[in-house]
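Asks: I'll drop the sequence and a predicted model, then ask my questions.
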Amino acid sequence: AEEAQQAVVDMTRGQLADQALITVGTVDSAVVGAAFEIVGKGGTVVITGLANPALLNVQVSSGLMTLFEKTIKGALFGSSNPQYDIVRMLDLYQAGQLKLDELITQRYTLEQVNQGYQDLQDGRNIRGVLVHEH
């Protein structure tokens, strides 16, 4: 975090980042605090990693939050609304406005599922799709 802090200060000439995205596996107060310090005035910290819901792991100065108008928010699955967004994406795909087929790097049958996982682990596949044939 200290290394990132200095890099952001240098790159922004002291203005700090507009946003910090927390994607670590386990969120704790040190990670949130470091992200809070790396965003400047009006900056936003977005937490996507999960933590034990019984623990308090966001501890920042409310004074600094108010003075610098910083925001801390959570986001799950890109803050989408699956009931709306999946239907919308399907409509866009069917209309030819959302290109999904071009993103597929490999297709696998159900019998090839283990090979698909191995290809993913070996870096030979980025977006494999399991195709169900009738």
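Replies: All right, it came through fine. Quantities reported herein were computed from a predicted structural model and do not represent experimental measurements. Numbering: from 1, shown residues only.
Asks: and after the lengthiest helix in the chain, which helix or strand comes next?
Replies: Determined from DSSP state H, the single longest helix within the chain is helix 82-94. Of the helices and strands lying after helix 82-94 in sequence (DSSP states H and E), the nearest is strand 106-108.
Asks: buried residues in that next one?
Replies: Across strand 106-108, burial judged by 16 or more other C-beta atoms under 10 Å covers Tyr108. All C-beta atoms are positioned from the backbone trio N, CA, C, and that covers glycine.
Asks: then the top strand by length along the chain to CSV, C-alphas only?
Replies: Counting by DSSP state E, the longest strand found in the chain is strand 39-47. The C-alpha coordinates for strand 39-47 follow below in CSV (Å, rounded to 0.1, in the frame of the first residue of the first chain):
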residue,chain,number,x,y,z
VAL,A,39,-8.1,8.8,-3.1
GLY,A,40,-8.2,12.5,-3.3
LYS,A,41,-11.0,15.1,-2.9
GLY,A,42,-14.3,13.7,-4.2
GLY,A,43,-12.7,10.2,-4.6
THR,A,44,-14.5,7.0,-4.3
VAL,A,45,-13.4,3.7,-2.7
VAL,A,46,-15.3,0.7,-4.1
ILE,A,47,-15.2,-2.5,-2.1
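Asks: Tell me the helices and strands packed up against that strand.
Replies: The contact analysis (3 or more C-beta pairs under 8 Å, 6 or more residues apart in numbering; DSSP states H and E) places strand 39-47 against strand 17-22, helix 29-38, strand 71-74.
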